[in-house]
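K.L.:
one predicted model, sequence on top.
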Amino acid sequence: MRPSCPISVCVFCLLCSAVCSAQKAVSPAECTGPLIQNVVDCAGPHGCKGQIVYDTGGEGDYITTTVTTRSCCGQLFSSLVPTGDCDSDGLLKDQATKDEVGRAAKESAVLVADCRGHYVPYDVVSAPRSLATPPSKTLERR
Amino acid sequence: MTRVLAALAASLAFACMVAASSAQQTGEPRLEGPNTAIPVYQITFKEREPVKGVGAAPAFRLPFHCSSDGTVFITTIQPVLDGAQAKDARTPGQPLLVSVSPSGEAHSFPLNRIGNLFDVHQIGETESDSRVAFLVSAAPEEGSVNGHDHDPSASAQGAAKDRSERHDYLVTFDREGNHQKTTELRSAFRITDISAFSSGSFLAYGYDVVDHSPKLAMLKDDGSFLKPLEIPKGEAPESVLGTKDASGKGPSAYLTPIQLTPQGQYIYFLQADSDYPVLRVSVGGAIDAIKPKLPVGATIAMLIPSDENLYAIIHTANAPGKPPGGAVLELSAQEGLALRELRLGNDESAYGLACVHDKKFLLFHHGDGRLVPLVGTADPRE
């Protein structure tokens, strides 16, 4: 790989973060992908404003995020981006269907319908499969 | 003479500056192979008519499969229905394989209609020009276990109780979705994936249940054992179990991911995100190791099914300036030389590429509850 200028990398990350931040207000699903950080701007009562920066702990498409919930101006934000929640077709509206997608994601990589008509990698799934599953469960057949 | 050489050197220096400036003006990182820059191509997609008879699915399970005629096979995760709707629907949690031909003709292959097995768990699937085959784990027909009735919950309980009596089966369908045959697989090792050769025989991958070493074997077209294949020494890990902390230490936590991708007379065996070579297995069982010439720090995450060359989604976790959405490299099938880097516009994910057939790229969108195919062509990026 050609070595990249650190400054340009920082600018790129900042731009990505800014874009993600701007998109997140409209559509959390649009913030999945290769970003290494998710930035959430939040506002609360009495003029409270704040920002949460989630380090996804990985780079590229292989985000190895752990789910955490943090408070910002009284609002709770999770680092788990609920991909596909806003799809206009209602394909993922049902919790049971989401659970099925999550279960399939433990066995193999999964593409999930997003709100823009695309199929995108399900972010949590991008970690090595069955990462959180004990070996006995992983190797056991249903 | 000295003046001529000086003028030549100045010209060369100027040319290098122009070239460097030109490369920088693109504003995007370009991948480089070990010795040379890789030409970049942009894929432009056009929407086709929505697939008739198949609705959009909430999710797909990867990888896609693609037969030699360009038919794409998609393992869909279907919406979970409730109440009366669910009674006549597929078993919740069961993925549904769907095929879409280049002409838009669709078929489905429901495993809940094969009749003689219950609590079926789909482990793998493969396709040839004439049939579709599933590797499943299931409990035998009721009565042969403990006489469970047809109530799904009772079946599930019974199956759990009699887990030790579960078996692996090869379930075949014709390409129109009609169930043909179910055969119990008997193997000396635990099979975790299969792939069909064009001849009809199968390549089976799995691991030894005692020492967890990886295993390859050829199966006849009826699923019976044909012969073991020797994985060349040093070209696969000693154990298929990965560790949770990725350092090689710590408790084993997951099976190392592999992918079997058929093409012509061969099946390509990818050990994903590793430094191990791609193994090309011939229909006769010969194994050749292909060592792809990838950019420094890159590994192959997945192969996109194709009818020629290899299309690899590469993972460059340790390299700065990685193109967004996953980079796709076209590699020569013989030597693994990087021929082109392919980029997708409109925020498409490389993982969404289902098939490369006749130099055209296929992916799917959804809209109005329908599955919409898009066909793309690659042109040099300016």
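P.N.:
Looks like it arrived, so ask away.
K.L.:
what's the mean pLDDT across stretch A:103-111?
P.N.:
The average pLDDT within stretch A:103-111 is 78.
K.L.:
count the residues that sit near residue B:211.
P.N.:
Each residue near residue B:211 was counted by other Cβ atoms under 10 Å in any protein chain shown, and the total is 8. In this view, the C-beta of every residue, glycine as well, is placed from N, C-alpha and C.
K.L.:
no no, residue B:202
P.N.:
Neighbour tally, residue B:202, other Cβ under 10 Å: 27.
K.L.:
over to residue A:51?
P.N.:
12.
K.L.:
host element of it?
P.N.:
strand A:49-55 (DSSP states H and E).
K.L.:
check residue B:132 too.
P.N.:
strand B:131-139.
K.L.:
hmm, that strand in reach of chain A?
P.N.:
Yes - Strand B:131-139 reaches chain A (Cβ under 8 Å from any Cβ of the partner chain) through residue B:137.
K.L.:
quick check: neighbours of that strand in the sheet, parallel or antiparallel?
P.N.:
strand B:118-127 (antiparallel), strand B:167-174 (antiparallel) (DSSP bridges).
K.L.:
output it as PDB, nothing but the C-alphas.
P.N.:
Output in PDB follows, covering the C-alpha atoms of strand B:131-139 (Å, rounded to 0.1, in the frame of the first residue of the first chain):
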ATOM      1  CA  ARG B 131     -29.700 -30.000  -9.300                       C
ATOM      2  CA  VAL B 132     -29.500 -28.400  -5.900                       C
ATOM      3  CA  ALA B 133     -28.100 -30.200  -2.900                       C
ATOM      4  CA  PHE B 134     -28.300 -29.400   0.800                       C
ATOM      5  CA  LEU B 135     -26.200 -30.700   3.600                       C
ATOM      6  CA  VAL B 136     -28.500 -30.800   6.600                       C
ATOM      7  CA  SER B 137     -28.500 -32.100  10.100                       C
ATOM      8  CA  ALA B 138     -31.800 -33.600  11.100                       C
ATOM      9  CA  ALA B 139     -33.600 -36.200  13.200                       C
END
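K.L.:
who does the closest residue to residue B:114 other than its chain neighbours form a beta bridge with?
P.N.:
Spatial nearest neighbour of residue B:114, chain neighbours left out: residue B:179 (5.0 Å); criterion: Cβ to Cβ, 6 or more residues apart in numbering or on different chains. Counting by DSSP bridges, residue B:179 is bridged to residue B:173.
K.L.:
so what does the closest residue to residue B:56 other than its chain neighbours look like in phi/psi?
P.N.:
Excluding the flanking residues, the one nearest residue B:56 by Cβ to Cβ, 6+ apart is residue B:366, at 3.5 Å. When read as degrees, to the nearest 10, the backbone of residue B:366 gives phi -130, psi 150.
K.L.:
wait, residue B:366 touches residue A:116, no?
P.N.:
No - shown here, residue B:366 and residue A:116 do not form a contact pair, counting by Cβ atoms under 8 Å, at 9.8 Å.
K.L.:
for those two, indicate the residue with more neighbours.
P.N.:
Legend: neighbour count by other Cβ under 10 Å for residue B:366 and residue A:116, higher for residue B:366 (23 against 17).
K.L.:
residues near residue B:218, how many?
P.N.:
As a burial measure, residue B:218 scores 18 neighbours (other Cβ under 10 Å).
K.L.:
can you pull the contacts of residue B:224?
P.N.:
Each residue near residue B:224 by Cβ atoms under 8 Å, 6 or more residues apart in numbering or on different chains is listed here: B:183, B:186.
K.L.:
pLDDT value on it, please?
P.N.:
At residue B:224, pLDDT is 93.
K.L.:
do you know how far it is from chain A?
P.N.:
Distance, residue B:224 to chain A, by Cβ to the nearest Cβ, to the nearest Å: 21 Å.
K.L.:
so what's the backbone phi/psi at that residue?
P.N.:
Residue torsions, per degrees, to the nearest 10, at residue B:224 are phi -80, psi 160.
K.L.:
show me where pLDDT drops low in the chain?
P.N.:
Using chain A. A:1-40, A:42, A:44-45, A:52-89, A:123-142 (pLDDT under 70).
K.L.:
hmm, I had chain B in mind actually
P.N.:
Using pLDDT under 70, chain B drops low at B:1-35, B:81-93, B:141-164, B:242-254, B:317-326.
K.L.:
center of it - which residue?
P.N.:
residue B:63 (3.4 Å; Cα atoms, centre = their mean).
K.L.:
over to it. Which of the three states is it?
P.N.:
Three-state assignment for residue B:63 (DSSP: H, G, I helix; E, B strand; the rest coil): strand.
K.L.:
correct me if wrong: it contacts residue B:305.
P.N.:
Yes - using Cβ under 8 Å, residue B:63 is in contact with residue B:305, at 7.4 Å.
K.L.:
quick check: bridge partners of the residue nearest to residue B:56?
P.N.:
What pairs with residue B:366, by the bridge criterion (DSSP bridges), is residue B:371.
K.L.:
quick check: neighbours shared by residue B:63 and residue B:305?
P.N.:
In contact with both residue B:63 and residue B:305: residue B:261, using Cβ under 8 Å, 6+ apart.
K.L.:
pull out the buried positions in the helix or strand hosting residue A:100.
P.N.:
Residue A:100 is located in helix A:95-105, with elements delineated by DSSP H and E. Buried positions in helix A:95-105, judged by neighbour count with 16 or more other Cβ atoms under 10 Å in any protein chain shown: A:97-98, A:100-102, A:104-105.
K.L.:
check contacts around the closest residue to residue B:73 other than its chain neighbours.
P.N.:
Leaving out its chain neighbours, the residue that sits closest to residue B:73 by Cβ to Cβ, 6+ apart is residue B:65, at 4.0 Å. Each residue near residue B:65 by Cβ under 8 Å, 6+ apart is listed here: B:72-73, B:125-127, B:305.
K.L.:
make it 6 Å
P.N.:
Each residue near residue B:65 by Cβ atoms under 6 Å, 6 or more residues apart in numbering or on different chains is listed here: B:73, B:127, B:305.
K.L.:
hmm, back to that, how close does the residue nearest to residue B:114 sit to residue B:372?
P.N.:
Applying Cβ to Cβ, to the nearest Å, the value for residue B:179 to residue B:372 is 29 Å.
K.L.:
check residue B:78 too.
P.N.:
Residue B:78 sits 18 Å away from residue B:372, going by Cβ to Cβ.
K.L.:
the two: which is more packed in?
P.N.:
residue B:78 (21 against 17).
K.L.:
partner residues bridging the residue nearest to that one when sequence neighbours are not counted?
P.N.:
Nearest in space to residue B:78, with sequence neighbours left out and distances taken as Cβ to Cβ, 6+ apart, is residue B:96 at 5.3 Å. With DSSP bridges applied, residue B:96 shows beta-bridge pairing to residue B:76.
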